[in-house]
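**Student:** Pasted the sequence and its predicted model underneath.
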Protein chains: 4
Amino acid sequence: MNSVKVAVVGASGYSGEELVRLLLRHPRVNLAMVTSRQHAGKSVAEVFPKFASLPNAKTLRFTDSDPETIAGSVEIAFLALPHGVAAEFAVPLVGKGCVVIDLSADFRVHDPVVYKEFYGGDHPAPGLLKDSVYGLPEVYREQIRTSRLIASPGCYPTSILLPTLPLLRAGLIRSAGIIANSLSGVSGAGRKAEISYLFAECNESMRPYGVPKHRHLSEIEQELSLAAGTAVTIQFIPHLIPVNRGILTTLYLSPDRRFEGAEQSAALEREIEQCYSTAYGTEPFVRLLSGAALPDTKNVVGTNVIEIAWRLDSRTGRLIVMSAQDNIVKGASGQAVQSMNIHRGFDETLGLI
Amino acid sequence: MNSVKVAVVGASGYSGEELVRLLLRHPRVNLAMVTSRQHAGKSVAEVFPKFASLPNAKTLRFTDSDPETIAGSVEIAFLALPHGVAAEFAVPLVGKGCVVIDLSADFRVHDPVVYKEFYGGDHPAPGLLKDSVYGLPEVYREQIRTSRLIASPGCYPTSILLPTLPLLRAGLIRSAGIIANSLSGVSGAGRKAEISYLFAECNESMRPYGVPKHRHLSEIEQELSLAAGTAVTIQFIPHLIPVNRGILTTLYLSPDRRFEGAEQSAALEREIEQCYSTAYGTEPFVRLLSGAALPDTKNVVGTNVIEIAWRLDSRTGRLIVMSAQDNIVKGASGQAVQSMNIHRGFDETLGLI
Amino acid sequence: MNSVKVAVVGASGYSGEELVRLLLRHPRVNLAMVTSRQHAGKSVAEVFPKFASLPNAKTLRFTDSDPETIAGSVEIAFLALPHGVAAEFAVPLVGKGCVVIDLSADFRVHDPVVYKEFYGGDHPAPGLLKDSVYGLPEVYREQIRTSRLIASPGCYPTSILLPTLPLLRAGLIRSAGIIANSLSGVSGAGRKAEISYLFAECNESMRPYGVPKHRHLSEIEQELSLAAGTAVTIQFIPHLIPVNRGILTTLYLSPDRRFEGAEQSAALEREIEQCYSTAYGTEPFVRLLSGAALPDTKNVVGTNVIEIAWRLDSRTGRLIVMSAQDNIVKGASGQAVQSMNIHRGFDETLGLI
Amino acid sequence: MNSVKVAVVGASGYSGEELVRLLLRHPRVNLAMVTSRQHAGKSVAEVFPKFASLPNAKTLRFTDSDPETIAGSVEIAFLALPHGVAAEFAVPLVGKGCVVIDLSADFRVHDPVVYKEFYGGDHPAPGLLKDSVYGLPEVYREQIRTSRLIASPGCYPTSILLPTLPLLRAGLIRSAGIIANSLSGVSGAGRKAEISYLFAECNESMRPYGVPKHRHLSEIEQELSLAAGTAVTIQFIPHLIPVNRGILTTLYLSPDRRFEGAEQSAALEREIEQCYSTAYGTEPFVRLLSGAALPDTKNVVGTNVIEIAWRLDSRTGRLIVMSAQDNIVKGASGQAVQSMNIHRGFDETLGLI
């Protein structure tokens, strides 16, 4: 079988590193190029010793390549670059016929006005927005098959959207008053030399941040609004937690109706269960927990799985939905590879289990 | 100056251990007795090597004493016992004239029916409930001065009540729809040999638990209802986080009014600031954060301080209030010592700074 | 291609769990049976939610099977049982023609007298000792191919023996005076409900234990003595470190000669490098570090790789050798699967990269 | 009683921060000045929120003061500056009559040639070396009383010297062949924005570094040589461990004699016990462990105590000595305050228990 030639552009951070790992192990991928200005000339094995035993890790060397060279070398380019910089690569790459899977925020938000509100500058390439798809496979699988520019979702958005979208689409929850309380491991802050993220500043610490208006709200609300058919504004508070990896999100939702007594509760529970089962029963990377089980990031770290559990609370009339995922895998690089599998017609789980 | 003779009953767990530390260092306390069945005969220095350099740690020995002996030896007994067992000691101790500061849940809930609903059995000593005070110094300081039975609050309740009560009393937030999302360090689970709390089961893990009806709701809602003057039901979801100590609570609250535009926001902000300032401006252990600062458990661990910060969110119309405290100090043993200081007429901060 | 039917006996601990993961993913293995008294009746997906997405995890159920049933069902049985109990299974299993790969200490030490000295009781099955091989693939690959009873090495021994054996066999270091200082993650203590291994007892803690005579010395010294051709006694001090996984060993060795000045040092360095290169240059799971790189457990956790680096110290005349591995993979379950691959004639890396 | 006016110069790092904490709480100290270029103008409470409840934390403000201003304002200046920079302050401060307690390495090594070998440049102020004392209170208490320049020891040196010096002075161990294997928490690397010390790079990692010639060897060997009366060269390998604080050192020592059998062992044990008891029996900050107890950093973190335990190993003929301390307290700032107490004639434990 043919393999596909791919590049990872900007492979020095955590998402880029995870892409390198997944793509080196992928049975249908030829990782032909990894780029990073700071690591140019070094082999993957030197930069990431933990991958030294993977195939080609000793021979594949980082380069500091421009878009033209990349487009001439590979069919698919994964961009693991800061927002703004990603667009500088995406425009010429798409122009030269390369498929781009962008892990930055540059093409996730369809409306340049919203982009500007949350990212603080004019959108760098508004002309390309119409060609991009929001790369959430469980929602946009068909569009991913044919798109030349896949905007892979952020880590928080994935943890919030997958549990919420089916309920909103089914009208089982109200679109107003949604609250998402999220906890993230420190790798979510990126591999940046900042004092706030030193070990001794994060260990034995728990803290909220970005209160109350985090940038990821822009793509979260866009997708929730599309599902609800009406403009949705949510409350989202992220927290930094001393683990390397993982996002745990607890969602506080209002069912579309009051429920009192065992009978009404049971009826609503059946509808919610049916809703999730229909949405995700056959999804390979969504694990609907049953019985007494609750999500735990340790059960998903290192995998492309998102765990989801929920509870009705008859005391408050609310629906509590909880999700756990690896912020770098399902929240970033694994999801991007999942999109590549879909785009190329591979088995969607290839290289991901 | 005279010192007070005290005992710590049940000193083998984390709260009991912290009481021993605080009381050994307290300038007006003579810690005359520490009890524990399993450690009887050993010195404090042997059981808690980290305290070996504190005064008396080598000579003070654990005993397995009954209430009569305790009441004959000390003026004040701190109970760091499981709920149910605490009442078995409290009844005879109070009967013999000992002041009891109980860290268990036994006397926190005034209504035996609510106790039974949340703790699963008849209240062990309903006759004593009328004599007890809920030992939250910032709220019940005057009653603590004269009570013979001080029911020291739970860790989660402290982290939720202190930020919420002033707002409720001032009518600045609605009593309906309160949501408390809490994160706790693993010491909150106690020093119990259970596989769920092993290092390798908690490290690199984040998980909700006790969803949706945690026992602490009983005392939280009791106190919120008293402040609001109406029955209050809240949503409370705790999570287990891999730190030794600390509770971080994020509260999602609804102001009593809509606010739009800079002017209305500023007016509401002034009222909230005034409310907190009035309530806690002179409290030694409540730290109201200002500017860009947000609570971080690493700034309170080892101290009796609770940090509080808040933000109005004009997008959602909500008020976000966040608190951080040490679950074993302000959330348990430090607060109990604070109550003792008040009860004895000592400076309230004695031995706590 | 044919697959081999295997069982994991005693699959509730960390080594058993890792065996289940590796064997479920192994392309030539049919994991037909997992046993555990406490989990009997439950599926692998229920007991280990993190494996729920692996093939067969939802259908394969734990049983509480006796040796006869196991021997009737599989060709190879992995024993992840406490020492002593393992022998009770190994004897009948081998008797009925089953190949046994034992992760316990029961058959690692050839001399029952040494076993008794270190494990405190008579050897439970001395008659089988002659049939067993010490399952260190890099040393006993040929014997592993044909043995019916493979005694898979302990975690500390692997981390000490692989760096040391080639030097001893080549006569490059003296057999006297070897010191091994080892650091282990907490999973090394097993999944046991003991207060010492609670999160809050291990986190923010570093401590030696088992000083000065750890049980693993018995197998370490046995293998070192065989390599040296003379009785070897070493100093070995293990320490408990707050990480989930990993062993880091620092070895203090004395070269066979004095070396002074650049020339003598360079000559000795060449010999050591040649020695390691000859021993491990083509080994798939031994990573000899070069340049400035030093071992780091984070580069091997989750893999079957052991990293080795060394430095000559001209100030002290010593050779410092350092190794890092995952205590549960190369130190236990991965190594056991590596032995199975060898025994069955599979590619040695199958299911392990 | 009179208090002493002191300054902390360079108070932005971990040692400076700990000095601020200890000095704000010290009953005989008036912390009159804290300096830091980056924090100039901010209050201590703003820069270190965790100290906001300590006396004066809200009014004391950081300045960017020069030595003349400092000398004009305080009697004692603590220097928490990088090596080289410290000397630039020490020279004028001492010149103007200020007592200097320097936490850097600048005045620890008496021989400028050794300084240059280990620190890579000419000594910045060789003329002052004769006036300085190595500020290890248990060894140089008398000199500390009268010295104008106290060179407070490094964290690793303290953990190695205190357990070793009495044995060397008593001739109970050989001066040749000493090995020190040390583990340090990440705060030991300082509050520096470097990728190597990010949370996600250190958590779940164990690694050696600085192999084989760490700078601290210069002061360690100087003091060991003085105690032994002969030049001593040791092997010292430090490791980085994912804890915030603490140093655990395991020393591999050779007794002055062979010991075989129970009688010889018991005799040697008595001598060692006597030696330590004589050296440290009345020292307030040295905790000699007895019975089965072994050092654990969690028992000393936050205190000025060093724990020491030892074991004779009759199998190898070695003496294993282990120590645990807080790298920032006994290993840095607490020890500096201890020296200040001695110098001023205060109770040596003042502000430290």
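**Tutor:** Yep, it's here. Quantities reported herein were computed from a predicted structural model and do not represent experimental measurements. Numbering: from 1, shown residues only, chains lettered A, B, ... in the order given.
**Student:** Please identify which residue in the stretch 51-200 of chain A comes closest to chain B.
**Tutor:** Scanning the stretch 51-200 of chain A for proximity to chain B using C-beta to the nearest C-beta identifies A:Asn181 as nearest, at 4.3 Å. (Glycine included, C-beta is placed from N, CA and C.)
**Student:** Wait, a strand at that residue?
**Tutor:** Yes - under DSSP: H, G, I helix; E, B strand; the rest coil, A:Asn181 falls within a strand.
**Student:** Tell me what the closest residue to it other than its chain neighbours is bridged to.
**Tutor:** In this structure, A:Asn181 finds its nearest non-sequential neighbour in B:Asn181, 4.3 Å apart by C-beta to C-beta, 6 or more residues apart in numbering or on different chains. Counting by DSSP bridges, B:Asn181 forms beta bridges with B:Ile237, B:Thr250.
**Student:** Could you check how far A:Thr349 is from D:Ile150?
**Tutor:** Taking C-beta to C-beta, to the nearest Å as the measure, A:Thr349 falls 65 Å from D:Ile150.
**Student:** If you count surrounding residues, which of these two has more?
**Tutor:** Neighbours were counted for A:Thr349 and for D:Ile150 using other C-beta atoms under 10 Å in any protein chain shown; D:Ile150 has more, 29 against 14.
**Student:** For that one, I want the exact helix or strand it lies within.
**Tutor:** In the assignment (DSSP states H and E), D:Ile150 maps to strand D:149-151.
**Student:** residues near A:Asp64, how many?
**Tutor:** Neighbours of A:Asp64 under the rule other C-beta under 10 Å: 12.
**Student:** which residues does it contact?
**Tutor:** Residues near A:Asp64 by C-beta atoms under 8 Å, 6 or more residues apart in numbering or on different chains: A:35-37, A:40.
**Student:** Quick one: buried ones out of those?
**Tutor:** Using 16 or more other C-beta atoms under 10 Å in any protein chain shown as the burial test, the contacts of A:Asp64 include A:35-36 as buried.
**Student:** any chance of the contacts of A:Asp64 in CSV, plus distance to A:Val337?
**Tutor:** Below are those laid out as CSV (distance: C-beta to C-beta, whole Å):
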residue, distance to A:Val337
A:Thr35, 18
A:Ser36, 19
A:Arg37, 24
A:Ala40, 24
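**Student:** buried residues in the helix ranked longest in chain A?
**Tutor:** Taking DSSP state H as the criterion, chain A has its longest helix at helix A:261-280. By neighbour count with 16+ other C-beta under 10 Å, helix A:261-280 contains the buried residues A:268, A:271-272, A:275-276, A:279-280.
**Student:** Near chain B, list only the ones from those residues.
**Tutor:** Among the buried residues of helix A:261-280, none lies close to chain B by the criterion of C-beta under 8 Å from any C-beta of the partner chain.
**Student:** I'd like those as TSV, with distance to B:Ala7 appended.
**Tutor:** What follows is the buried residues of helix A:261-280, written out as TSV (distance: C-beta to C-beta, whole Å):
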residue	distance to B:Ala7
A:Leu268	52
A:Glu271	56
A:Ile272	52
A:Cys275	57
A:Tyr276	54
A:Ala279	59
A:Tyr280	56
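**Student:** Leaving out sequence neighbours, find the closest residue to A:Glu269.
**Tutor:** Leaving out its chain neighbours, the residue that sits closest to A:Glu269 by C-beta to C-beta, 6+ apart is A:Leu312, at 6.0 Å.
**Student:** Please name every helix or strand in contact with the strand holding D:Ile150.
**Tutor:** Strand D:149-151 is packed against strand D:99-102, strand D:132-134, helix D:334-344, with contacts defined by 3 or more C-beta pairs under 8 Å, 6 or more residues apart in numbering or on different chains; DSSP states H and E.
**Student:** Let me have those in TSV, extended by mean pLDDT, mean neighbour count and distance to D:Ile160.
**Tutor:** Listed next are the helices and strands packed on strand D:149-151 as TSV, based on pLDDT from 0 to 100; neighbours: other C-beta atoms under 10 Å in any protein chain shown; distance: least, C-beta to C-beta, whole Å:
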stretch	mean pLDDT	mean neighbour count	distance to D:Ile160
strand D:99-102	98	26	20
strand D:132-134	97	23	13
helix D:334-344	98	26	14
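**Student:** one step back: contacts (any at all) between chain B and the helix or strand that the longest helix of chain A is followed by?
**Tutor:** Counting by DSSP H and E, the next helix or strand C-terminal to helix A:261-280 is strand A:286-288. No - Strand A:286-288 stays out of contact with chain B when judged by C-beta under 8 Å from any C-beta, the minimum separation being 14.4 Å.
**Student:** Now the helix or strand that strand A:286-288 is followed by: average pLDDT?
**Tutor:** Downstream of strand A:286-288, the next assigned helix or strand under DSSP H and E is strand A:306-313. Across strand A:306-313, pLDDT averages out at 98.
**Student:** Just confirm yes or no for the helix or strand following strand A:306-313 near chain B.
**Tutor:** Using DSSP H and E, the next helix or strand after strand A:306-313 towards the C-terminus is strand A:318-325. Yes - remark: strand A:318-325 sits within contact range of chain B at A:318, A:320, A:322, A:324, by C-beta under 8 Å from any C-beta.
**Student:** what's across from the second one in the sheet?
**Tutor:** Beta-bridge partners of A:Ile320, counted by DSSP bridges, are A:Tyr252, A:Arg311.
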